[in-house]
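Q: quick one, what's the 3D model for this:
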Amino acid sequence: MKFSAKNFGCCVVFLVSTVLGYAQKKGVAIADKNFENYSYVDAIATYEKIADKGYKDEKMFQKLGDSYFFIADLIKAEKWYSALFEMNSAQEAEYCYRYSQSLKAVGNYTKADKMLEQFIAKSATDQRGKLFASQRDYLNDIKENSGKYEIFDAGINSPYSDYGSAYYNNTLLFASARDTGGVAKKVFKWNNESFTNLYSAPISTDGSLGTPEVFNKNINSRFHESTPVFTKDGQTMYFTRNNYLNGKKQKDSRRVVLLKLYKATNENGKWVNVQELPFNSNEYSVAHPALSVDEKTLYFASDMPGTKGLSDLFKVSINANDTYGTPENLGLPINTEARETFPYISADNKMYFASDGHPGLGGLDVFVMDLSSKTPGSTITNIGAPINSTQDDFSFVIDAEDKKGFVTSNREGGVGSDDIYRFNKFPVPVCVQVLKGVITDQDTGIVLANAKVSLFDANFNLIKEIITPSSGAYTFEVTCETTYYVRGEKPEYATKENKITIAKVSGETQGPLALEPRKRAVDIGTDLAKTLDIPILYFDLDKSVIRKDAAFELEKVLAVMQQYPKMTIDIRSHTDCRQTVAYNQALSDRRAKSTKAWLIKNGIAANRLTAKGYGESQLVNDCGCEPTNKSNCTEEQHQANRRSEFIIVSM
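A: Numbering: from 1, shown residues only. Take a look at the predicted model:
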């Protein structure tokens, strides 16, 4: 039996232990053999006949659900997994996951998420569970990414499976199981359809497709061909085929004909020199090639040793001397214990792939990641509906220039088991945002004119500052999906700043600031750190260099000293007890002097400042550590001792 070019992986074999009547027992044995040989359609027919007679068996329901799951009919899989869990809810973790996927196919996301919670409880280390745990709001995230495409039937679909698109010389190549009328029609027992061959259809300027034709007799064989990819010059193609070359097929140790990657070259318009790639094996499948933008790397899907799930994404270098490097698993967080497959690299260096391990709408969903990113795995995004549906959606290709492309899906309303859809991507709307606010008195609510409003970026770099008019209002042009800090200042008021994150869509972001009148007059002996609500000044570990976030707070002290030009202050730095007395004394002294130097650099006369470190000699609580330098105090208690003071000495 040959593996499908769409699905490959290990199938679990179960034993029937319940005593049956002879006829039922014989029927189940036949169905079990079909199941073990991946003849899922035939297995389903026999299992359902027995089930229709009222027979209930846990193992049989597992196999019925699995049979439909493996041929990607998740709606019918849900029926039998529901029967399975009704009979015995204490199923293995993998059944919780498969059931959740099937529940999504019928739109029951609430119950699907509950099954995922059970899955996490049973398999805490599974990457799929970790992804769900970190993205429990995944449906809202997908909703935000939806609506960016319009999608149409491609107009070339048959009643059978059509999938796996690729661009070549203004045509679309795809795999199809359609019957071309040949005498020796071979049937693939996995789904009782013909083996797939490659077809081509011309692409019109509007993206519609012409009449499909058989692609090339030198490439098509009696078994599966699918998912080609071509070099930019059109002279080399890589494609997927069953383990069949020069009229000979080879099988693995279980007598299964798996998938391999092949290469062919174009000579005078003919595809010749078909050869398999050296990292293929008779014992595992390699399929669905994709080329990097510079054509020096080949991406593909495989279940070779080291694979995390049913299939993982790999890459291998293409060397100049027509050799290849060692295949490298793309690893976490891309690959999961489920299926990652059908990679595609667009001209703008984005990798699109299909997965049913990352949080999605159901079945395989299409995801995208930016390979140009320094951490590409952190950019994985579900591209949303209508590209993705509750069923399998895969084999996504797009022209990065005109934003048109094709995707395959077995969603409801199609012509065959898998169908190809064309799509257009809507223009990305330009996001324009302004940050607006009004500065007011916190106690009375009256607007404050002549207040200084400063805009800082996330690293506390000053971007712009304004003085409010009589309306007390301010406006800044800002960048969408960006974090800023806004500070309001006015004599006789405590300085205040807010952290504001700008929305992802065009509009206005409101950032009002209510300033608190100084209720406590500053005088000799006042600690400006308490008056100005300055938290601990953070320094890098074992260092005394003023960080930007510390400078942000010191500017409050600077503003008061500028307001009172005769004021002098004593800067005092304190540590907690978790080091030696001598070490803490020296470190706090360096930090106090560093703080003094910063104020002098920003315009305060040196004779207005004194600075001293007190180390751990003036703890505000009982969190002492001597002589061991260890303490049972909480971090919050230690933090209370790590403080800076700005004591007014004279005015």
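
Q: can we go C-alpha only for contacts and neighbour counts from here?
A: Noted.

Q: list the buried residues of stretch 371-390.
A: 371, 376-377, 380-385, 387-390 (16 or more other CA atoms under 10 Å).

Q: residues contacting residue 571?
A: By CA atoms under 8 Å, 6 or more residues apart in numbering, the contact set of residue 571 is 592, 595-596, 609-612, 644-647.

Q: and the gap between it and residue 650?
A: Using CA to CA, to the nearest Å, residue 571 is found at 13 Å from residue 650.

Q: same question for residue 558.
A: For residue 558, the distance to residue 650 - CA to CA - is 16 Å.

Q: secondary structure element for residue 569, which one?
A: Following DSSP states H and E, one finds residue 569 within strand 568-574.

Q: direction included, what does that strand pair up with?
A: Sheet pairing for strand 568-574, assigned by DSSP bridges, gives strand 609-615 (parallel), strand 644-650 (antiparallel).

Q: off-centre distance for it?
A: 48 Å (CA atoms, centre = their mean, to the nearest Å).

Q: what's the answer for stretch 362-379, then?
A: The answer for stretch 362-379 is 5 Å, by CA atoms, centre = their mean.

Q: now do that stretch: distance from first to last residue.
A: 21 Å.

Q: in a helix, residue 130, correct?
A: Yes. When classified by DSSP: H, G, I helix; E, B strand; the rest coil, residue 130 is found to be part of a helix.

Q: pLDDT at it, what is it?
A: At residue 130, the model reports a pLDDT of 87.

Q: dump the residue contacts of it.
A: By CA under 8 Å, 6+ apart, the neighbours of residue 130 are 120, 124.

Q: state the distance from it to residue 311.
A: Applying CA to CA, the value for residue 130 to residue 311 is 18 Å.

Q: next one: residue 421
A: Taking CA to CA, one finds residue 421 at 24 Å from residue 311.

Q: do residue 471 as well
A: 63 Å.

Q: what's near enough to touch residue 543?
A: Counted by CA under 8 Å, 6+ apart, residue 543 has contacts 587, 591.

Q: and the pLDDT at the closest residue to residue 157 other than its chain neighbours?
A: If the residues on either side of it in the chain are set aside, residue 157 comes closest to residue 419, at 5.8 Å by CA to CA, 6 or more residues apart in numbering. At residue 419, the pLDDT value in this model is 94.

Q: tell me the contacts of residue 419?
A: 153, 157-158, 161-163, 408-410.

Q: what helices or strands is the helix or strand hosting residue 50 leaning on?
A: Residue 50 is located in helix 40-52, with elements delineated by DSSP H and E. Where contact means 3 or more CA pairs under 8 Å, 6 or more residues apart in numbering; DSSP states H and E, helix 40-52 is packed against helix 22-36, helix 58-70.

Q: tabulate those (TSV), appending mean neighbour count.
A: TSV is the format used below for those (neighbours: other CA atoms under 10 Å):
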stretch	mean neighbour count
helix 22-36	17
helix 58-70	23
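
Q: for residue 532, which of the ones you listed is the nearest?
A: Nearest of the helices and strands packed on helix 40-52 to residue 532, taken as CA to CA: helix 58-70 at 63.2 Å.

Q: packing partners for that closest one?
A: Against helix 58-70 (3+ CA pairs under 8 Å, 6+ apart) you get helix 40-52, helix 74-87.

Q: how about 6 Å then?
A: On a contact count with 3 or more CA pairs under 6 Å, 6 or more residues apart in numbering; DSSP states H and E, helix 58-70 meets helix 74-87.

Q: what does the helix it packs on rub up against?
A: By CA atoms under 6 Å, 6 or more residues apart in numbering, the surrounding residues in contact with helix 74-87 are 58, 61, 65, 68-69, 99, 102-103, 105.
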